[in-house]
Every structure is written in structure tokens, then in C-alpha cells.
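J.: A structural model of the following input is requested.
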Amino acid sequence: MPTPAPGEALIRVSLCGICGTDLAIEAGKHPRAQPGLIMGHEFSGEIAEINAPGSELRAGDQVTVYPLITCGKCLVCRTGNPHVCRDLKLYGIDAPGGMAAYVALPVDVLLKLPDSMSAKAGALLEPYAVGIHAARRSPVQPDDTVVVIGGGPIGLLNGLALKTLGVEKVYLTDINAFRLGLAEKCGLIPLDTANDDPVERIQEVTDGEGADVVFEAAGSQSAAAQMTALVRSHGAIVNVSVFKFQPEIDMRSVNFKELTVIGTRVYTVEDFRTAIDTVEQLPVDTVVTHQLPLAGVTEAFEIFKAGVDVCKVLVDVGE
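T.: Modelled structure (predicted):
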């Protein structure tokens, strides 16, 4: 049982999500995570004990964690952008995370949740904030035609973030019929790239112009090739995924179309607050396809790795 140090609170964890980074950690392939780590950076819970007399938080409050650990000294930290700290670390990767019954965390990384919010919605806030941040980094307008490449959890939540921010025409591309079905249930326009040419389809619906904004959320070579073809001249590409290799990109199209290419990394505290304010608009029970107890965490990882009829997998730590 961890003991909260001064300025910390003890969190009784409810639900914790599994993401692709956790798979890399479990496989021993993450460059920073070391054996013995309690992983998990997508979670919600309840304050069981607090050792911070000046804090507005109280025992019994429902909270989520803003899991970034920043140095506070580098240029971006000093100028208001600590989410791209040159020495960025995360709870659940570099320090104990939420895949345990209890975790002690500094109170300044805790965000209080409404009493009405479900633990399931709370556990979606971190990946949903990724989508919120990507949408905010873009020049997207409500009447734009937008394409999200990749229907995994991040791609789906990116599409949903765009919808909650008022964008109407959001296409989501994937080869997986199950994920395309989830996209349709969530109000996105599915585009089956296994049986249809996405570039031709988008050209058809935009009178030959192309998408106004393309969000790349697949991290594959095919996605890197498609993104410059899908977007219109003077359009924008937002790179949401983190490529595990150096992809080949058509830079000539970037020149000839005068494209804007935008990088994104994690999220700001403001993105998290927007996620808290809007997460209950999401079809949470559609996004979360599996929920297993902590005792079944090995099975939960296997389900997520297999990728069959799966989107978001949560571990019920409180069960």
C-alpha cells in the first residue's frame, strides 16, 4: 500500500485503460519503462486519503490524473507548453501508474470529476484528450470535409472529438469491418479501404478538391502515403499517431499543394478540461468493447493485442 507523501493523495483506482504504449511496455520494447513498473496512464478513481492541507480536493472526490511529468525548466516548460517538455515523462511509464488497487500521486496532477460521471467515462478521458488536442491544433471548421485515417481507439476518439467540437462531415477510414461498424454507430462516416479507394471516394464527395483536413491516426506506411493524396490544395494534415519507423512521405505534394503539416503530442491541461466537459456526449458503451477484472489483466492484454472485434479495453481495478 503506497503512503501519500506531503502534497500527495492516495487514489483508489476504479478503471484503467490499455493502450498501444502498454503493449510495448509489456513486450519489453519501450525505451524508458523498466521491469517492475506498475503501468497504466488512462484511469479514474476516488481519493481515499489526502496529505495536502491546502488543496481544494477532499477524500471521496472522484478524480482523473493528468499523467504528464515535466521538468519545469526547459524552454517550452517556461513558455507555457510543458506537454512537449524536452524531458517529458508519464505516470504509468516512468513512475507507478493506475493498474493497481491504489496509487499515490501529487495533488496538482489530479482533476476532479463531476459526481455524475461514470468511472468508464473517466477512464476514457486521457485518450479522448489526445483527440481534443489534435482537433484544436488543426484549422478545422464546422463545415469542413474531414478524414481520419485509422479506426483504432485514438482514431475513433479523434473523430468523436471533432464531432463534439461541431464538425459535421467526418470520414473514418479503416480495413477492419468491426471498427468501421463502430464508427458508423458513433455518427462518423465509415470508409472501407479494403474495398474502396479512399482518395477516389473523397474526390467524389468534394467535387474533385479533396478533404480540407486529414488526421493521420494509423501510423502505417499506407496512411503516410494516403494523407497527402486525400487532402486538398492549401489543406492541412495533422499527424496524431506516433510512427514506430521513418515513413516515406510525398513531400512534392506538400510543396505543390502548399500543405500545412501539423504535429501533435499528447494534450494540455485545457484539453483535459474540455474532455471532462464533453466526454458524457460520447457513446461510451460503444467505444469500450471489453472490461475485465484486474485478475484477468493477462487476458485483457491478449484481447487488445489480437485486435478482433475490439476497440477500447478497460481493466476493472476496483472489482
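J.: Val170 in helix, strand or coil?
T.: strand (DSSP: H, G, I helix; E, B strand; the rest coil).
J.: got the contact list for it?
T.: The contact partners of Val170, by Cβ atoms under 8 Å, 6 or more residues apart in numbering, come to Val146, Val147, Val148, Gly159, Leu162, Lys163, Leu188, Ile189. Every residue, glycine included, has its C-beta placed from N, CA and C.
J.: does the second one touch Tyr171 like I think?
T.: Looking back up the chat, that one is Val147. Yes: the criterion here is Cβ atoms under 8 Å, and Val147 meets it with Tyr171 at 4.7 Å.
J.: which one of these two has more residues nearby?
T.: Ranked by neighbour count (other Cβ atoms under 10 Å), Val147 and Tyr171 place Val147 first, with 28 against 22.
J.: next, the more buried one: phi, psi?
T.: Backbone torsions for Val147, taken as degrees, to the nearest 10, come to phi -120, psi 130.
J.: can you check the pLDDT for it?
T.: As predicted, Val147 sits at a pLDDT of 98.
J.: can you tell me the helix or strand for the one residue sitting closest to the centre of the chain?
T.: Residue closest to the mean C-alpha point of the chain, counted by Cα atoms, centre = their mean, is Pro127 at 2.4 Å. Here Pro127 sits within helix 119-137, counting by DSSP states H and E.
J.: Thr298 too?
T.: Using DSSP H and E, Thr298 sits within helix 297-306.
J.: can you list contacts of the next helix or strand after that helix?
T.: Counting by DSSP H and E, the next helix or strand C-terminal to helix 297-306 is strand 312-316. Contact with strand 312-316 is made by 14-18, 40, 99, 120, 123-124, 127, 153, 287-294, 296-297, 300, 303-304, as judged by Cβ under 8 Å, 6+ apart.
J.: which among these end up buried?
T.: By neighbour count, with 16 or more other Cβ atoms under 10 Å, the contacts of strand 312-316 hold 14-18, 40, 99, 120, 123-124, 127, 153, 287-292, 294, 296-297, 300, 303-304 as buried.
J.: tell me the contacts of Leu165?
T.: For Leu165, the contacting residues are Ile132, Ala135, Arg136, Val140, by Cβ under 8 Å, 6+ apart.
J.: surely the last one forms part of a helix?
T.: No: when the secondary structure is assigned by three-state DSSP, Val140 falls in coil instead of a helix.
J.: just give the closest residue to it, not the sequence neighbours.
T.: Closest residue to Val140 apart from its sequence neighbours, by Cβ to Cβ, 6 or more residues apart in numbering: Val213 at 4.7 Å.
J.: in the sheet, who's paired with that neighbour?
T.: Counting by DSSP bridges, Val213 forms beta bridges with Val146, Ala236.
J.: please tell me I have it right and it contacts Val231.
T.: Yes: look at Val213 against Val231 with Cβ under 8 Å: they come within range, at 7.3 Å.
J.: give the residues shared as contacts by the two.
T.: Common contacts of Val213 and Val231 (Cβ under 8 Å, 6+ apart): Val147, Ile237.
J.: okay, helices next: where are they in the stretch 151-300 of the chain?
T.: Chain-ordered helices for the stretch 151-300 of the chain, with DSSP state H, counting those that start in this stretch as the definition, fall at 153-164, 177-185, 198-205, 221-230, 251-256, 269-278, 284-287, 297-306.
J.: what packs against the fifth one?
T.: Helices and strands touching helix 251-256, by 3 or more Cβ pairs under 8 Å, 6 or more residues apart in numbering; DSSP states H and E, are helix 221-230.
J.: list the buried residues for the helix it packs on?
T.: Neighbour-count burial for helix 221-230 [16+ other Cβ under 10 Å]: Ala223, Ala224, Gln226, Met227, Thr228, Ala229, Leu230.
J.: looking at those, spot the one nearest Gln246.
T.: Closest approach between the buried residues of helix 221-230 and Gln246, by Cβ to Cβ: Ala224, at 9.7 Å.
J.: quick one: contacts for the closest one?
T.: Glu216, Phe243, Pro247, Glu248, Ile249.
J.: now rank those by neighbours and give me the top one.
T.: Ranking these using other Cβ under 10 Å puts Glu216 first, with 29 neighbours.
J.: correct me, but that one touches Ser222?
T.: No: the criterion here is Cβ under 8 Å, and Glu216 misses it with Ser222 at 10.6 Å.
J.: look up phi and psi at Ala59.
T.: Residue torsions, per degrees, to the nearest 10, at Ala59 are phi -60, psi 140.
J.: chain neighbours aside, what residue packs nearest to it?
T.: Closest residue to Ala59 apart from its sequence neighbours, by Cβ to Cβ, 6+ apart: Ile47 at 5.2 Å.
J.: element containing that neighbour?
T.: Assigned by DSSP H and E, Ile47 belongs to strand 43-51.
J.: circling back: number of nearby residues for the residue nearest to Val140?
T.: Here the count is done by other Cβ under 10 Å, and Val213 has 27 residues near it.
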